[in-house]
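Undergrad: Generate a structure from the sequence data that follows.
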Amino acid sequence: VVVVASACVTLSRSEQTTLQELGAYGIRGTEIQKKSPVAAGALNILPGFGNFYLAIGSSETNQWLFGAANLFVWPLSIFWGVPEAAIDAGTINKKETIYYYTYDPSGKQDLARRRAATPR
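TA: Sure, this is the predicted structure:
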C-alpha cells in the first residue's frame, strides 16, 4: 500500500495555487499535453511500461522505480498500475502547463495578454 500510494505524482501547494490562478484566466490545467493518460494507462497493462513512458522525457524520475516495482508484482500490479499511470499522466500535464505559463517566453506572453484582457 505504501509503495502504491507513493507512486502518485502530486502537485505542491504553490503549484495548486498557480493552477487556480491560470484557471481564472481561462487556462485549463491540462492545456499542455506532454503525456497521454490513455496511453499511460494502457501501457501499464504490461508490467511497468506505463511508468516507464511517464519517466521518459519528464522530471518524474521516480517513475522508473515504480515501473520496476510493477514488474515484480505483475499481474497484480494491473489493478493499481493502470489507474495510477493515467492519473499521473494528467498531473504531469498540469505541471507542464504551469511550467509553460511560468517560465516559457511564449507562455509568459500569452498569460500577460490574458491578464490584460481580463476585466478587473
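Undergrad: Give the next helix or strand downstream of the longest helix seen in the chain.
TA: Secondary structure of the chain per DSSP state H: the longest helix is helix 78-103. Following helix 78-103 in sequence order, the next helix or strand is helix 105-117 (DSSP states H and E).
Undergrad: Give me the contact list for that following helix.
TA: Leu22, Tyr25, Gly26, Ile27, Tyr100, Tyr101, Thr102 (C-beta atoms under 8 Å, 6 or more residues apart in numbering). Any C-beta I mention is one placed from the backbone N, CA and C, and that applies to glycine too.
Undergrad: which regions of this protein sit below the pLDDT cut-off?
TA: Within the chain, the ranges that satisfy pLDDT under 70 run 1-7.
Undergrad: ok, 80 please
TA: Under the criterion pLDDT under 80, the flagged ranges of the chain are 1-9, 29-31, 58-65, 67-69, 73, 75-81, 119-120.
Undergrad: tell me the centre residue of it?
TA: Using C-alpha atoms, centre = their mean, the residue of the chain that lies closest to the mean C-alpha position is Ile92, 1.5 Å off.
Undergrad: Name the nearest residue to that residue, ignoring sequence neighbours.
TA: Of all residues beyond its chain neighbours, the one nearest Ile92 is Lys35 (4.9 Å), with distances taken as C-beta to C-beta, 6 or more residues apart in numbering.
Undergrad: and the one you found, helix, strand or coil?
TA: With DSSP: H, G, I helix; E, B strand; the rest coil as the basis, Lys35 sits in coil.
Undergrad: if I pick it, what's in contact with it?
TA: Tyr53, Leu54, Ser58, Ala89, Ile92, Asn93.
Undergrad: Appreciated, that's everything.
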